[in-house]
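In: my questions are about this predicted structure, shown below with the sequence.
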Amino acid sequence: MNIISNIQDVIKSEVFAITKVGEDLNNHNQDYEDVVNKIINLKGRLIFTGVGKSGHIGEKLAATFASTGTPSFFVHSTEAMHGDLGMITKKDLVIAISNSGETKEVVNIIAPIHRIGAEIIALTGNKNSTLAQKSDFLLLVQVNGEADQFNLAPTNSSTSALVIGDAIAVTVSKAKNFSEKDFGKFHPGGALGKKLLKEGVIK
């Protein structure tokens, strides 16, 4: 096996998947616009949920939204069924991530979340799935397959979900006129904090 060639093939596969997802937005622009406007006008918090690799993506996206002006956090779908649903209020908006849309742990919390009164956005690759059908909004992120040799490991699908989430976070931040000064308030530490302090953004 040519190691470098194999690495390049995986990168090309993921880039192709992301490009296709971007092009597919033209077919779902109203859905995406509705979601973005919902987040912009949100009175509560934006909550992500999922398990496995989708859960890890949810954790990252929650951190991205929080750091760019939208109060957000992650609730593990399994833990939600054992008390963590108490973190969710009727003013919140939940983004549930599952590529198949049939992940048991994610599907199981749909009804309890609706009983609380919160709305749900399905971020999935299957528009006919239980998650898509029972959610209030749909972000369809379809890929033709994964990047590994068995077409099993979440790679193209998880990367595409991450990119879509990042794109929405930045779009929402821009719509809210989130400034560099606002950004600095949430990043006082590390190399980034030092840079903003030096530039006078943080005082």
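Out: Ah, there it is.
In: which helices and strands sit right next to the helix or strand hosting E23?
Out: Assigned by DSSP states H and E, E23 belongs to helix 3-24. Packing partners of helix 3-24 (3 or more CB pairs under 8 Å, 6 or more residues apart in numbering; DSSP states H and E): helix 156-175. In short, each C-beta sits where N, CA and C put it, glycine included.
In: now the helix it packs on - C-alpha only, PDB.
Out: What follows is helix 156-175, C-alpha atoms only, in PDB (Å, rounded to 0.1, in the frame of the first residue of the first chain):
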ATOM      1  CA  ASN A 156     -17.400  11.800   5.000                       C
ATOM      2  CA  SER A 157     -20.700  12.000   6.900                       C
ATOM      3  CA  SER A 158     -19.200  13.300  10.200                       C
ATOM      4  CA  THR A 159     -17.000  15.800   8.400                       C
ATOM      5  CA  SER A 160     -19.900  17.100   6.300                       C
ATOM      6  CA  ALA A 161     -22.000  17.500   9.400                       C
ATOM      7  CA  LEU A 162     -19.200  19.400  11.100                       C
ATOM      8  CA  VAL A 163     -18.800  21.700   8.100                       C
ATOM      9  CA  ILE A 164     -22.500  22.500   7.800                       C
ATOM     10  CA  GLY A 165     -22.600  23.200  11.500                       C
ATOM     11  CA  ASP A 166     -19.600  25.500  11.300                       C
ATOM     12  CA  ALA A 167     -21.100  27.300   8.300                       C
ATOM     13  CA  ILE A 168     -24.400  27.900  10.100                       C
ATOM     14  CA  ALA A 169     -22.600  29.100  13.200                       C
ATOM     15  CA  VAL A 170     -20.600  31.700  11.200                       C
ATOM     16  CA  THR A 171     -23.700  32.800   9.300                       C
ATOM     17  CA  VAL A 172     -25.700  33.300  12.500                       C
ATOM     18  CA  SER A 173     -22.800  35.200  14.000                       C
ATOM     19  CA  LYS A 174     -22.600  37.500  11.000                       C
ATOM     20  CA  ALA A 175     -26.300  38.100  11.000                       C
END
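In: hmm, who's touching it?
Out: The contact list for helix 156-175 (CB atoms under 8 Å, 6 or more residues apart in numbering) reads 13-14, 17-18, 21, 32, 35-36, 39-40, 53-54, 56-57, 60-61, 64-65, 68-70, 95, 97, 99, 123, 125, 139, 141, 143-147.
In: helices along the chain, start to end?
Out: Secondary structure of the chain (DSSP state H): helices located at 3-24, 29-40, 52-67, 77-80, 104-107, 110-116, 130-134, 156-175, 180-185, 190-198.
In: save those helices as CSV, and put in mean neighbour count and distance to T89 too.
Out: Formatted as CSV, the helices of the chain follow (neighbours: other CB atoms under 10 Å; distance: least, CB to CB, whole Å):
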stretch, mean neighbour count, distance to T89
helix 3-24, 13, 31
helix 29-40, 15, 16
helix 52-67, 20, 16
helix 77-80, 19, 13
helix 104-107, 19, 20
helix 110-116, 15, 7
helix 130-134, 19, 20
helix 156-175, 20, 20
helix 180-185, 14, 24
helix 190-198, 13, 31
